[in-house]
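Chemist: kindly generate the corresponding structure for this input.
(2 chains)
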Amino acid sequence: MAANVTTELAPHQRQVSAGADAVFQVENLTKIYRTGEVEVRALDDVTVSLHEGELAVMLGPSGSGKSTFLNILGGLDVATSGRVQFRDLDLSGASERQLTRFRRDHVGFVFQFYNLIPSLTARENVALVTEIARDPMSPAEALEMVDLSDRLDHFPAQLSGGEQQRVAIARAIAKRPEVLLCDEPTGALDSKTGVTVLNALRTINRELGTSTAIITHNAGIQAMAERVIHFIDGRIASVNLNADTISPEEITW
Amino acid sequence: MTGLAVLDRKVLRDLGRLWVQALAIALVLSCGVASLIISFGAYRSLEETRAAYYDRNRFGDVFANVTRAPRALLPRIEAIDGVGHVELRVSDYAILDILGMREPATGLAVSIPDYRETAVNLPFLRSGRLPEPERTNEVTVTEKFAEAHGFRTGDSFQAILNGTKRDLIIVGTFLSPEFIYALAPGDIMPDPRRFAIMLFSERALSGLLDLEGAFNDLSIRLLKGANKEQVIDRLDAMLAPFGGTGAIARKDQMSHAFIDAELAQLQSMSTLLPPIFLLVSAFLINMILSRLIALEREQIGLFKAVGYSSGAIAMHYLKLVMVISMIGIIIGFGVGTWLGRGLFRLFGEFYTFPFLIFRLHIDIYLIAALISLAAAVAGGLKAVWSTVTLPPAVAMSAPAPTTYRKLLTERLGLLQPFSRLTVMGLRHLVRHPVRSGLTTLGMSCAVGLLSASMYFLDVNTFMIDWLYNQSQRQNASVTFIDEQRPDAVQAIKRLPGVIKAEPTRHLAVTMSHGYRERRTSLVAKSNEDTLARVVDQAGNIVWVPRHGVLINDQLARNLDVQVGDLIHLEITEGKRRIADVPVTHIVTSFFGIDAYMDAEALDRLAGEGPRVDGFHLTMDEDAADDLYREVKELPRIASLVLLDLSREKFQETLSQNSTIMATIYIVLSVIIAFGVMYNAARIQLSERARELASLRVLGFTSREVFSVLLAELSMIVILAQPLGWFIGFLIAWSMVQSFDSDLFRIPLIVEIDTMAIATIISVIAVVASLYLIWERVQRLDLIRVLKTRD
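Modeler: Got it, this is the predicted structure:
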């Protein structure tokens, strides 16, 4: 299990914990978007690691690069320069095919707008993933973990926002991914529903040992994370390690 | 930028963004416009050209032939109520011997008056002059015949006229409203190389044919409002003693009837094709506009919020429809004019007109434009109406999520074996039943047109086989100028290279049943005949019964008779006997209105003893040159039809026509297939971009994601096939109806191969359009779609 000391490192002192338990090792990662004449440096020389079983929260204002960072970790996007290593796999040099394989085998995603397939029921949305996974749990089991056993055969249009997001979480974790990447999972939800969703994420992190990274605007959420990464202007401003984490219910929204 | 309102600028930019889809729709619409212009334009141009030609060159209204009648009848004929002008002529068939042409050709010698202008059927001189009065060796020949042989004024050829071979000098070339479609006796396609019409001086030809002071051919121009039937009846009565075989009205005149058949086909094309294209384009516009409006829901809300009226917004979207329509209409005008002119020029080559009137009829263009615009606007109306009824507050919030249901088949467990991806596709298909149904219908129109085009080719193959392999199996048919005794067969058999000769006899008859009456020829058939046989559609030989008559289905319909009914028969030549004979058999056939009778029974009926009027023969190809040389010297032969040449010409003409038609149909249907599939797929991709991107994020490959679209689209393509075959069948059926004339008909044949080829071509068009979609699926922007709200 991760992290031990509560230290605050100044940016220039940042270290890479290159231990054997690092899931992601990111070195000098830079991402530049070019739209016409305009060049946007979304990530600027980022170096950081995420660790086995850890729940990390990424904070920062809009446009600070956290989503770009998460997308590159998840193999949805590729860096302009620098290196991203997932265990032994070098994502920076991976082909489109390898990235698809990587997502299929190792990563679970949760998004702000759920991204469920409207034409499939809750159970089928989860089954979509379990059908192609190597060692999945059953869809019912995954939905049980997010407390939706009674909603198995409902279509997305028949579910509330919180329920839909929990189906999305169940779908993400059903294949027992090594990492779970969540981009604003509570962004579209009210606080009460948000807590339910965060609880689900925490349970999964604890019970399955899934390394989890959550992007949020809500600074309160950082209290439940073991590692808190602050992004500003495409750079990491600070990385904090929490020794004591709180439960979602205790978070002030 | 000034002048253009902001909303109008948006129209142009939307168009720039959607240009491939817009162009696909515009193309389908342009096919509708073009087919309207081509069919109406060609129809009208052909009709007007013919009418003008008939008028300027005084084409006759009634035609008759006699064996020999005195010119002194003229005042009596002119006195018939309703008769305007009468032209008495002499005419006869002749065998032609042309230097450099191996086989003999056939000529029709026709007289023109010596010292006055022709009153009826005025020839149109193309080059040189008409023959000088009383010059027996001068002829003016049909232009195409001269062209086919490279003849110029002053060139000569030989002809056997009334048993004597003569040298003839060409003094000019001409065209005639009587021979726009010039068919040699016994032939079924015009072949100007082997058939000439030769104008002679009246005195000269009368002398050559021993018809001085007499005529054997007449044409009449009627006065306005004349009673045609009455004139014909009076004329028949007057001419009967002189061997009149019955006068015919213009509608039965060979050349005229063939053009009528062509006009009927054009008319059926004009009622068949445009509606298909207009419907498909209306549907495509509905599809693209509905999607555009769904995507721009928030913008519409905003427009309303800032104070644009519903009308202004509706107009904004209608303008987009109208711009797309205008593009389609302009393309359609261009293509329609170009193809229409091309088709019409083709008529000009096939039929001989001295001039072609292809006028750009403003009304046709206007009507085509208005109909197309109306179809397009109608297609867009429902979508546009949805913008009007959308309250701004609702517009600016996200639409309610689409609700899905499990399919009936799923509840029954039938979809178990399919993957979730396939189930996604199928549920989406069923979720939008109207749209899916219309897409299927649009696709099936393409398949239908393809089947129809293939059907043309099938009919060709069938007709050639039926006519030349099953029915007419002789190498050649010889017709005598007049009937001869059966021992003439010996002379024919002695000709070099003749292997087998079977005699023929035809009697000109009038058949009637109740008030219905038809003129035709009664053909003698012997059950020993092996060359020209009566066969049914399946190619089975039909034996001519010992008693009664065997008639073809067209004649049976004309007379409204069935097997067992009695037909009243009047022989209009020789002893002009009358008899009532039972119909013993009816056979399906595709040419003419034929009646057959046992040869001996026919001889008995005619009452002149056994007679023959020609022979069908098979010959040794190696001795053909010798045979032709002999035939070119034989007196008393009217024509020699060489079936192999005849088949070649038939095949060439049919395949040229049907290749053009098939090509046009294939291009049109590929445009439809592409337009429908590309639009359907683009709209699906747009609607389901998030869903599909989500799948990619979950680790599905582009290929797997594409399979979701493919599941739905291929279901549509599959469902469209049987429906398409059925539409093809309907098109073919209506073609059969439009070809239905006494001259020729076509069978409704459905070949499995045809349907398979139609399906294959449509699938190729689909694959091409889906390839473009596949490229888009590969470029799916995962990050952008995931960040947006649905």
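
Chemist: is the helix or strand hosting B:Ala673 anywhere near chain A?
Modeler: Assigned by DSSP states H and E, B:Ala673 falls within helix B:643-687. No: using Cβ under 8 Å from any Cβ of the partner chain, helix B:643-687 stays clear of chain A, coming no nearer than 10.2 Å. Quick note: C-beta positions are derived from backbone N, CA and C, even for glycine.

Chemist: from the contact counts, what lies against that helix?
Modeler: helix B:19-56, helix B:254-295, helix B:310-350, helix B:433-464, helix B:702-738, helix B:752-778 (3 or more Cβ pairs under 8 Å, 6 or more residues apart in numbering or on different chains; DSSP states H and E).

Chemist: run the angle between that helix and helix B:310-350 for me.
Modeler: 170 degrees (axes from the mean of the first three to the mean of the last three Cα atoms, to 10 degrees).

Chemist: tell me which residues touch B:Tyr628, please.
Modeler: The contact partners of B:Tyr628, taken as Cβ atoms under 8 Å, 6 or more residues apart in numbering or on different chains, are B:Arg102, B:Glu103, B:Pro104.

Chemist: please pick the buried ones from the residues you listed.
Modeler: Using 16 or more other Cβ atoms under 10 Å in any protein chain shown as the burial test, these include B:Glu103, B:Pro104 as buried.

Chemist: give me the subset of the contacts of B:Tyr628 that also touch chain A.
Modeler: On the criterion Cβ under 8 Å from any Cβ, none of the entries of the contacts of B:Tyr628 sits beside chain A.

Chemist: show me which residues of the stretch 1-150 of chain A are close to chain B?
Modeler: Going by Cβ under 8 Å from any Cβ, the residues of the stretch 1-150 of chain A near chain B are A:67, A:71, A:74, A:76-77, A:97, A:100-105, A:107, A:109, A:111-113, A:115-121, A:124, A:127-129, A:131-132.

Chemist: B:His316 against B:Leu12, yeah?
Modeler: No: using Cβ atoms under 8 Å, B:His316 is not in contact with B:Leu12, being 11.5 Å away.

Chemist: more crowded one of the two?
Modeler: Each of B:His316 and B:Leu12 has its neighbours counted (other Cβ atoms under 10 Å in any protein chain shown); B:His316 has more, 22 against 13.

Chemist: in the stretch 51-200 of chain A, which spans are helices?
Modeler: A:66-73, A:96-106, A:122-130, A:139-145, A:161-173, A:191-208 (DSSP state H, counting those that start in this stretch).

Chemist: OK, contacts around residue 233?
Modeler: Picking chain A for this. By Cβ under 8 Å, 6+ apart, the neighbours of A:Asp233 are A:Asp44, A:Ser64, A:Gly65.

Chemist: now the residues you listed as a markdown table including pLDDT?
Modeler: Output for the contacts of A:Asp233, formatted as a markdown table (pLDDT from 0 to 100):
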| residue | pLDDT |
| --- | --- |
| A:Asp44 | 93 |
| A:Ser64 | 91 |
| A:Gly65 | 91 |
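
Chemist: quick check: of those, which lies closest to chain B?
Modeler: A:Gly65 (13.0 Å; Cβ to the nearest Cβ).

Chemist: can you tell me the closest non-neighbouring residue to that closest one?
Modeler: Leaving aside its chain neighbours, A:Gly65 sits nearest to A:Gly234 (4.0 Å; criterion: Cβ to Cβ, 6 or more residues apart in numbering or on different chains).

Chemist: so that neighbour touches A:Ala42, yeah?
Modeler: Yes: counting by Cβ under 8 Å, A:Gly234 does reach A:Ala42; the two are 5.5 Å apart.

Chemist: between the two, what contacts are shared?
Modeler: With Cβ under 8 Å, 6+ apart, A:Gly234 and A:Ala42 have common neighbours A:Lys31, A:Gly65, A:Thr68.
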